[in-house]
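A.B. asks: below are the sequence and a predicted model for it; my questions follow.
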Amino acid sequence: MAHDPIDVRHVAGLARLELSEQECAVFQQQLEAILGHVESLAALDVSGIEPTSYPAPVYDVMREDSPGDSLPREAVLANAPDQAQEQIRVPKVIADA
């Protein structure tokens, strides 16, 4: 499967990175190698494999001195400095672009 080349300079601009021509050339080769690997993975037959989020089972791990239950919602909200509609309100933290 062929793909269009990635415009490294454009992607670097979106990430607000300043790259030299040499760095752009290196990243271009690396991205092409990554896309080639992804294409090889796309060609694999995975019809008999169940989808999974983790390669191994994940279990809840609790410290022995930790209570099994989390704090009740009322206790958490009672300690919140600001709340609305049974949710904790926090200040907006989006920086100016």
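C.D. replies: Great, that's in hand.
A.B. asks: which parts of the chain are helices?
C.D. replies: 8-14, 21-42, 73-78 (DSSP state H).
A.B. asks: indicate which one of these is closest to residue 48.
C.D. replies: Checking the helices of the chain against residue 48 by C-beta to C-beta gives helix 21-42 as the closest, at 16.0 Å. (Glycine included, C-beta is placed from N, CA and C.)
A.B. asks: could you find the closest non-adjacent residue to residue 31?
C.D. replies: Once flanking residues are discounted, residue 31 sits nearest to residue 6: 5.0 Å by C-beta to C-beta, 6 or more residues apart in numbering.
A.B. asks: which ones are touching the one you found?
C.D. replies: 28, 31, 32, 35 (C-beta atoms under 8 Å, 6 or more residues apart in numbering).
A.B. asks: pretty sure the second one is touching residue 12, no?
C.D. replies: The reference is to residue 31. No: contact criterion C-beta atoms under 8 Å: residue 31 and residue 12 do not qualify, at 11.3 Å.
A.B. asks: give me the low-pLDDT residue ranges for this structure?
C.D. replies: 1-2, 60-72, 97 (pLDDT under 70).
A.B. asks: hmm, back to that, spit out the residues that contact residue 31 and residue 12 alike.
C.D. replies: Common neighbours of residue 31 and residue 12 (C-beta under 8 Å, 6+ apart) do not exist.
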